[in-house]
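In: Sequence first, then the predicted structure, then my questions.
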Amino acid sequence: MTMATAQGIHDSLLDQARHLATRDPKKPNQANLRRAVSTAYYAVFHLLVRDATRHILRGRAQATYRARVARAFGHADLKRASLAFIGGNVRSIGPLIVPPELVAVSRAVVDLQDARHLADYDLSRRFDRSEVLDFVEQAASAFRAWAKTRRSEIADLYLTMLLIYGRLAER
Amino acid sequence: MKVDVDKVLKRTLNLKRLKLPKTPPIVELRYEVGVDWSGDDAVWIWTIVDDSTPKKDWTFAKLTPVYEKIREAVRGTGLEIIPYVRVRSRSGQDAIDAGKV
């Protein structure tokens, strides 16, 4: 088993984001800063998708299928579901009391998703190292917040919504 | 009546009005209005922090209450707009303004 597998891709991505954000001690390279932002988002994305697929496909025997089911998660649904949890009102469910840790995770998804999109596609946007380090810290903070809330029932609901929220919106 | 979004945000995103937490010291706010990647109306807000601010006062944990206060202010306007709040250093902002980045 390689180190990356034992550690989990999400942990490796967070480490990589930190590394990229702090390279170039004197003059930060925009390519490294942009990749750091993008990598920070994907660290959080893969952390949540890992737990979502484990929630859907439980048990060691199902592990083979999780990577395939993971492909079904879309960024737009992650955003919509996360905004709903931040606002404490989820379509088809109604008002919810969302613990601060889960709000923090949801906020990280929304903020980092937007930043990642700009970093990857909008070259007119320039990134400052302090801004990028803040994004990486936000991702790390989301990891810690998730660890505190991931076993709760509301976290189970959140993980489910990450996959299906778009379908609920159609009804 | 069509709302002048820029006018509302200019009034709202005023450092004196916002009464942000003192740490870290925010010396300026910059913002841009637009549409985000998924088509939602958005405002990107940068809190500019002076470079002399000690590292211990310039962490994500210290900035979080600042960000939340700004988001709350934007929510209070009633505008259907997503606030994306982030940070930049004074020198970083100056470099971007000067086209050096």
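Out: Sure, I can see it. Please read these numbers as outputs of a predicted model, since none were measured by experiment.

In: need the longest helix for chain A.
Out: Looking across chain A with DSSP state H, the single longest helix is helix A:30-56.

In: just chain B next, same as before
Out: helix B:60-76.

In: Averaged pLDDT, the next helix or strand after that helix. What do you get?
Out: Once the chain leaves helix B:60-76, the next helix or strand it forms, by DSSP states H and E, is strand B:82-89. When pLDDT is averaged over strand B:82-89, the result is 97.

In: Name every strand pairing with strand B:82-89 and say which way it goes.
Out: strand B:41-49 (parallel) (DSSP bridges).

In: Run the angle between the partner strand and helix B:60-76 for me.
Out: Orientation check (axes from the mean of the first three to the mean of the last three CA atoms, to 10 degrees): strand B:41-49 against helix B:60-76 gives 140 degrees.

In: which residues sit against strand B:41-49?
Out: The contact list for strand B:41-49, computed with CB atoms under 8 Å, 6 or more residues apart in numbering or on different chains, reads A:114, A:130-131, B:9, B:13, B:20, B:24-36, B:58, B:63, B:66-67, B:70, B:74, B:79-90, B:93. Yep, even glycine has a C-beta here, placed from its N, CA and C like the rest.

In: Taking those residues, please make a PyMOL selection of just the buried ones.
Out: The following PyMOL line selects those of those that are buried, judged by 16 or more other CB atoms under 10 Å in any protein chain shown:
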select buried, (chain A and resi 114+130+131) or (chain B and resi 9+13+20+24+26+29+31+36+58+63+66+67+70+74+79+81+82+83+84+85+86+87+88+89+90+93)
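
In: neighbours around the closest residue to residue A:106 other than its chain neighbours, how many?
Out: With sequence-adjacent residues excluded and distances taken as CB to CB, 6 or more residues apart in numbering or on different chains, residue A:106 is closest to residue A:82, at 3.8 Å. Using other CB atoms under 10 Å in any protein chain shown, residue A:82 is surrounded by 25 other residues.

In: ok, residue A:82 - contacts?
Out: Residue A:82 neighbours (CB under 8 Å, 6+ apart): A:105-107, A:109-110, A:162.

In: Using the three-state scheme, assign it.
Out: Using DSSP: H, G, I helix; E, B strand; the rest coil, the structure places residue A:82 in helix.

In: quick one: it from residue A:27, how far?
Out: The gap separating residue A:82 from residue A:27 is 35 Å, by CB to CB, to the nearest Å.

In: ok, now residue A:168?
Out: Taking CB to CB, one finds residue A:168 at 47 Å from residue A:27.

In: More neighbours: which of those two?
Out: residue A:168 (16 against 10).

In: how about that one, what does it touch?
Out: A:91-92, A:161.

In: Out of those residues, grab the one that's most surrounded.
Out: residue A:161 (23 neighbours).

In: my guess is it contacts residue A:83, does it?
Out: No. The pair residue A:161 / residue A:83 is not scored as a contact, 10.8 Å apart, by CB atoms under 8 Å.

In: Point out where chain A drops to low pLDDT.
Out: A:1-6, A:171 (pLDDT under 70).
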